[in-house]
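# here's a sequence, model it:
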Amino acid sequence: MAVADSPPFFSVIISTRDRPELFQIALRSVMEQSFTQKEILVVVDGSNDANQAVYATLEVRYPQVTFLRLVHRPNGHGSSYTMNFGAQHSSGRYLCFLDDDDYWTDAHYLEHAACNVAAAKEAVDVHYSNQCAVDSDGVMQTQDIWLSELIHGATQREKNSEDCYRVDAAFLLSGGGFAHLNCSIFERNFYQSLGGMDESIRYENDRDVFIRSVDAASVILFSTRFTSLHNIPDANAKKNLSTVHSSMQKKLYQMRVYDKGISLCKKDEVVRFCCRGKTYELKHAATLLAKSKQYRSAAYYARAALINGFNPRWLVYTLYLTLQSWRKPHYESEDNIK
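Predicted coordinates:
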């Protein structure tokens, strides 16, 4: 039970822009949490006039929620900026985040997390859990992107409390996935020491803060519980004309995140993880470009992947792309795909 006027244990920050209907589902999932010693901050990222009016109505309806409004910008400020803005205006000991198109599925998520932190022998830097994902057609995703494949292995680690284990960077990175921001909880001073979210990154910012937090944390807890649901955006929402370039933009952001980890992270296992991740994205970029017959650019990324991690089969494919680029040169520079 929360003590009157006591500081909140958790600050829950929700960033939203022009999605008031989905946002209400996310907000409801936070308000229905059994743990009461929390504050809820909503950062409205400069929505249009019609949606601003809806958010204003919701602010009146939920006086226990703090609404923070940012000035309108054509493309918004980005989730990294808005999450940091919310964190700066919060007062909780631990910081939680939630996207406005996702929601928490476990009504006892914060209660269990608080118990896990209290049971730890040392101050906890970060607490991770798991989430499920569903695509735009309502089909549950089965591919392991986050930490679900680590659940069995976690039971062999040091037990902290029920369904919660103390883990290290090597274990968390062994599955190749990462913890989504929806199911990541950061100790306030630790989050500030990281510099918060990287505001120069608009895509893959949750992977970036996961890599940096795993590298910097001394005490990490991993709960095997599934606590949230992530809605995968509709991949067909854009026309075919922009599909390749949009995908390439994502690849470039992902490579930037891994380059940052390779350059700045201190733990060897984190650097190796970033090297593997960059090699994978380089290969994916080469394959993507080859499908659109952009052979010169494809060969460029293929050679970079080969340098990053030699593989005989990939060498053959790289030679094939290089020959194709000589036989069928195209007139687009690498700048055209960025």
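# Asp100 against Arg28, yeah?
No: judged on Cβ atoms under 8 Å, Asp100 makes no contact with Arg28 at a distance of 11.8 Å. (C-beta placed from N, C-alpha, C; glycine too.)
# can you give me the helices in the stretch 101-250 of the chain?
Along the stretch 101-250 of the chain, the stretches classed as helices by DSSP state H, counting those that start in this stretch are 109-119, 151-154, 169-173, 188-194, 205-216, 240-264.
# return the most buried member of those helices.
helix 205-216 (a mean of 23; mean count of other Cβ atoms under 10 Å).
# that one versus helix 240-264: what angle between them?
Put simply, helix 205-216 runs at 10 degrees to helix 240-264, going by axes from the mean of the first three to the mean of the last three Cα atoms, to 10 degrees.
# helices or strands up against helix 205-216?
Contact here means 3 or more Cβ pairs under 8 Å, 6 or more residues apart in numbering; DSSP states H and E; on that basis helix 205-216 packs against helix 169-173, strand 184-187, helix 188-194, helix 240-264, helix 268-291.
# could you give the mean pLDDT of that helix?
The average pLDDT within helix 205-216 is 96.
# what residue is smack in the middle of this protein?
Nearest residue to the geometric centre of the chain (Cα atoms, centre = their mean): Asp206, 2.5 Å.
# what pLDDT does the model give Ile337?
Ile337 is assigned 45 on the pLDDT scale.
# distance between the helix or strand of the chain with the lowest mean pLDDT and the chain's centre?
Every helix and strand of the chain was ranked by mean pLDDT, DSSP states H and E. The lowest is helix 240-264, at a mean of 79. Helix 240-264 sits 14 Å away from the centroid of its parent chain (Cα atoms, centre = their mean, to the nearest Å).
# that one vs helix 268-291, what angle?
Going by the same axes, to 10 degrees, helix 240-264 makes 160 degrees with helix 268-291.
# tell me which residues are up against helix 240-264.
198, 201-204, 207-208, 211-212, 215, 238, 270-271, 273-275, 277-278, 281-282, 284-285, 288-289, 291-292, 337-338 (Cβ atoms under 8 Å, 6 or more residues apart in numbering).
# the same query, at a cut-off of 6 Å, please.
203-204, 207-208, 211, 271, 274, 277-278, 281, 285, 288, 292, 337 (Cβ atoms under 6 Å, 6 or more residues apart in numbering).
# give the buried residues for stretch 81-89.
Across stretch 81-89, burial judged by 16 or more other Cβ atoms under 10 Å covers 81-87.
# same thing with stretch 262-274?
So stretch 262-274, judged by 16+ other Cβ under 10 Å, has buried residues 262, 265, 267, 269-271, 273-274.
# how long is that stretch from one end to the other?
6 Å (Cα to Cα, to the nearest Å).
# chain center to that stretch, what's the gap?
18 Å.
# who's in contact with Ala119?
160-161.
# gap between it and Cys164?
Counting by Cβ to Cβ, to the nearest Å, the gap from Ala119 to Cys164 is 8 Å.
# got the CA coordinates for the helix or strand hosting Gln324 in CSV?
Gln324 is part of helix 312-327 when elements are defined by DSSP states H and E. Output of helix 312-327 as CSV, limited to C-alpha atoms (Å, rounded to 0.1, in the frame of the first residue of the first chain):
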residue,chain,number,x,y,z
PRO,A,312,33.4,-19.0,-47.3
ARG,A,313,29.8,-19.1,-48.6
TRP,A,314,29.5,-15.3,-48.1
LEU,A,315,32.7,-14.8,-50.0
VAL,A,316,31.2,-16.6,-53.0
TYR,A,317,28.1,-14.5,-52.8
THR,A,318,30.2,-11.3,-52.5
LEU,A,319,32.1,-12.2,-55.6
TYR,A,320,28.8,-12.9,-57.4
LEU,A,321,27.5,-9.4,-56.5
THR,A,322,30.8,-7.8,-57.5
LEU,A,323,30.7,-9.4,-60.9
GLN,A,324,27.0,-8.4,-61.3
SER,A,325,28.0,-4.8,-60.4
TRP,A,326,30.6,-4.8,-63.2
ARG,A,327,28.2,-6.4,-65.7
